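Chemist: Have a look; sequence and predicted model below, questions after that.
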Amino acid sequence: MSSALTDLFPHPIVQAPMAGGVSVPQLAAAVSDAGGLGFLAAGYKTADGLYQEIKQLRGLTGRPFGVNLFMPQPEYPGASTGSTGAASAAPPIAAAVEVYAHQLSGEASWYETELGDPDSGRDDGYDAKLAVLLDNPVPVVSFHFGVPSSEVLESLRRAGTFTLVTATTAEEALAVQRAGADAVIAQGVEAGGHQGTHRDIPENDGTGIGLLSLVGQIRETVGIPVVAAGGIMRGSQIAAVLAAGAAAAQLGTAFLATTESGAAPVHKQALTNPLFVRTELTRAFSGRPARGLVNRFLREHGRYAPAAYPEIHHLTSPLRKAAAKAKDAQGMALWAGQGHRMARELPAGRLVEVLVAELADARTALSVFPKGDDLR
């Protein structure tokens, strides 16, 4: 099964699917053409928008690529359904979201925009997007924020699609294997963007397992291939996770700064800007733990944001768009992994080539490393 995955792309390099307009078809095509596995992010898009991006990507490359889906979020206990049929948050959650909205009113005034509607939907159009992927099968599909049903995974397998699911613990990886996924993405706490935890537990905020420890734990727990994700920026780090038992490495922040990336220029520049010295897991922008560069918005609001995803995502969406339009990095969600200062502004295909060369050098260095008595 590991060879079934790695046979799809010559180099063990996967470009992480980054939602919000970063993982555009041009980026995915460049990575795939260079021998890695490019990815589109279906999150926050319409089903038709996803279809059009797949069509565009197929016009840019004949190489395999992947598409990532966000799993629908479960309803809160006690949630009500309005006349429109849309589920709304349970009273305690709704109250917490309302309090946070009040706190953000100053941001709305500053950016001259309105706050978004927190009850704009919890499923991200999952069924419609899944139908697109079954009607127009792609080589690889991955899932974030939970585990799809065995029936969904089997239907994709019958369509000829290889499936991966993100896990942040060995227990989650076991659930991924039991559901029938072909491989698991081990996401370490170093990773930029949203943690793909299967359950959002506030008590676990700020905690997580480092990537190398997580890969080892998952490798000893499941028998399916592991793709390692989290803070990887250099070929030597790819060598490390491969030595730990991963079949491939998934890189997000490393590709965020590339020429083809759809990230805003101010976001790309912030990765190496000395004003942004560290990252932090925060709920400030979406209501779910996500790692980003520490800026003014995160400092002022992070501690008050409730565990309410996707309500907070919908609420802050206009603020984030207005900040990006104003090129104000202090009000944007600057998602980034812990290795962000190592970002390189290169064309994506060239970055793959550099990573492959670094990987080869690291493997050569390991092969000639002194052994046994030579170390004394």
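Modeler: In hand now; what should we look at?
Chemist: contact partners of stretch 202-218?
Modeler: 167-170, 173, 184, 186-191, 195, 197, 226, 228-232, 240-241, 244-246, 281, 283, 289, 307 (C-beta atoms under 8 Å, 6 or more residues apart in numbering). C-beta here means a position set from N, CA and C on the backbone, and glycine is covered the same way.
Chemist: And that stretch, how far out from the chain middle?
Modeler: The gap between the average C-alpha position of stretch 202-218 and the chain average comes to 16 Å, counting by C-alpha atoms, centre = their mean, to the nearest Å.
Chemist: List the buried residues for it?
Modeler: Neighbour-count burial for stretch 202-218, with 16 or more other C-beta atoms under 10 Å as criterion, is recorded at Gly208, Ile209, Leu211, Leu212, Leu214, Val215, Gly216, Gln217, Ile218.
Chemist: From these, which land in strands?
Modeler: Nothing among these maps onto strands, per DSSP state E.
Chemist: tell me the contacts of Leu298?
Modeler: Neighbour list for Leu298: Glu280, Thr282, Ala284, Phe285, Gly292 [criterion: C-beta under 8 Å, 6+ apart].
Chemist: State the mean pLDDT of the helix or strand it falls within.
Modeler: Secondary-structure element containing Leu298, defined by DSSP states H and E: helix 296-301. Per-residue pLDDT values over helix 296-301 give a mean of 98.
Chemist: Just after that helix, pick out the following helix or strand.
Modeler: Under the assignment DSSP H and E, the closest C-terminal helix or strand after helix 296-301 is helix 311-325.
Chemist: Secondary structure of Ser32: a strand, I assume?
Modeler: No. The assignment for Ser32 by DSSP: H, G, I helix; E, B strand; the rest coil gives helix, which leaves it out of any strand.
Chemist: How about the contacts made by it?
Modeler: Taking C-beta under 8 Å, 6+ apart as the definition of contact, the neighbours of Ser32 are Phe9, Gly38, Thr61, Arg63, Pro64, Phe65.
Chemist: neighbours around Leu346, how many?
Modeler: Neighbour count for Leu346, taken as other C-beta atoms under 10 Å: 16.
Chemist: How about Ala173?
Modeler: By other C-beta under 10 Å, the residues close to Ala173 number 25.
Chemist: Which strands and helices lie in contact with the host helix or strand of it?
Modeler: Ala173 belongs to helix 170-179 when assigned by DSSP H and E. Secondary-structure packing of helix 170-179 (3 or more C-beta pairs under 8 Å, 6 or more residues apart in numbering; DSSP states H and E): strand 162-167, strand 183-187, helix 211-219.
Chemist: ok, 10 Å please
Modeler: Contact here means 3 or more C-beta pairs under 10 Å, 6 or more residues apart in numbering; DSSP states H and E; on that basis helix 170-179 packs against helix 150-158, strand 162-167, strand 183-187, helix 211-219.
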